[in-house]
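> fold the stuff below for me.
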Amino acid sequence: MKKESLKPITTGTRAGNSIRFICHGCRTENTIICRMPKDYYRETRDATCAQGKNRSTVLTPGTNYYPGE
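Have a look, this model is predicted:
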């Protein structure tokens, strides 16, 4: 059974071969560069802020995702 994460959840955006998100703690924009297509198309991933070292879960919705629906 998988345990629930206590990390804050952030919504990221896909841009080229990278994923961009904003850290909850320090409000810094971060980038995850994906070198493999399998990593790029994952729905969630754990990330660390480069400046504040805060851990969070980044959600990257698919291309058919519309907020509010």
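> which one is the residue most central in space within the chain nearest to, not counting chain neighbours?
Centroid-nearest residue in the chain: Val58, 2.4 Å away (criterion: CA atoms, centre = their mean). Take Val58 and drop its neighbours on the chain: the residue closest to it by CB to CB, 6 or more residues apart in numbering is Gly12, 4.4 Å away. All C-beta spots, glycine's among them, are computed from the backbone N, C-alpha and C.
> now do the contacts for that neighbour.
19-21, 32, 58-60 (CB atoms under 8 Å, 6 or more residues apart in numbering).
> make it 10 Å
18-22, 30-32, 44-45, 47, 56-61 (CB atoms under 10 Å, 6 or more residues apart in numbering).
> what's the answer for Met36, then?
So Met36 contacts Asn17 (CB under 10 Å, 6+ apart).
> follow-up on the earlier one: and the residue nearest to Val58, how far is that from Met36?
17 Å (CB to CB, to the nearest Å).
> repeat that for Val58.
Distance, Val58 to Met36, by CB to CB: 17 Å.
> on that earlier part again, beta partners for the residue nearest to the centre of the chain?
Thr10, Arg45 (DSSP bridges).
> does it really touch Ile9, like I thought?
Yes. Between Val58 and Ile9 there is a contact under CB atoms under 10 Å: 8.0 Å.
> what's the burial count for Cys49?
20 (other CB atoms under 10 Å).
> hang on, isn't it packed against Lys7?
No. Look at Cys49 against Lys7 with CB under 10 Å: they stay out of range, at 11.4 Å.
> spit out the residues that contact these two alike.
24, 55-56.
> of those, which is the most crowded?
Neighbour-wise, the shared contacts of Cys49 and Lys7 (other CB under 10 Å) top out at Ser56, 22 neighbours.
> ok, now which ones touch that residue?
Ser56 neighbours (CB under 10 Å, 6+ apart): 5, 7-10, 12, 21-25, 30, 45-49.
> can you list the residue ranges for strands in the chain?
9-11, 13-15, 18-22, 29-33, 44-48, 55-59 (DSSP state E).
> where are the low-confidence patches of the protein?
1-5, 62-69 (pLDDT under 70).
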